[in-house]
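Peer 1: predicted model, plus sequence, below.
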Amino acid sequence: MHTAVVLTPHLAERLKADARSRGHGLSTEIRLRLEQTYYDQRGDPLDPKTDDLTDSINWLATNLARSFGTKWHQHPYVLAAFRAGVELFLAQQQPEGDKDAPPNTPGLFPETLVQYRKDPPDVVGRTQAQFIIASKMSERS
C-alpha cells in the first residue's frame, strides 16, 4: 500500500543517511523502523511488558540527560542514577516462583534449557548479554 508521510528535513536526512549506510532506500528504512515498533527480530509481536520497560528506560535516560546535561553513559553519577532507576522498573515485575529454578517450558532452542539448568540466573543473563554484545560488535565491523 502506498502512503505519504510528511517528515521534517532533519528527520528525512537522518533516515536517508541510515538507509544508505544499510544499503537500502528510504521507503525500506521507514518500513523497517515501523515494523520494529510492533515486531521483534524474529517477526513475533512485541511483548507489551517488555515494550513498556524499554519505553520507561528511554524516558528515564532522556529525563536524566535533561536534568544533568549529560547522558547516562557519559558520567559515573548519572550512570549510577540510571542503574537505580532501571532496577526500580525491574523490581516492579515480580513473577511468582523461585528465581533459582529455570522454567520447565522449552524456548525456541530447547537444548538451551538443558544447558542453562545448572547455571544461576545471573550467569545466564550475563552470557546472553555477552552474545548480544559480540553480535553488535561484529555488525559494526
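Peer 2: Arrived safely.

Peer 1: hey, let's count contacts and neighbours off CA atoms from now on
Peer 2: Fine.

Peer 1: flag the shaky bits of this protein, pLDDT-wise.
Peer 2: Where the chain drops to pLDDT under 70, the residues are 106-114, 116.

Peer 1: so which residue is dead centre in it?
Peer 2: residue 54 (6.4 Å; C-alpha atoms, centre = their mean).

Peer 1: quickly note the distance from that residue to residue 139.
Peer 2: 22 Å (C-alpha to C-alpha, to the nearest Å).

Peer 1: could you check how far the residue nearest to the centre of the chain is from residue 131?
Peer 2: Using C-alpha to C-alpha, one gets 20 Å for the distance from residue 54 to residue 131.

Peer 1: cool, residue 138 as well?
Peer 2: 11 Å.

Peer 1: more neighbours: these two, which one.
Peer 2: Neighbour count, other C-alpha atoms under 10 Å: between residue 138 and residue 131, residue 131 has more, with 12 against 9.
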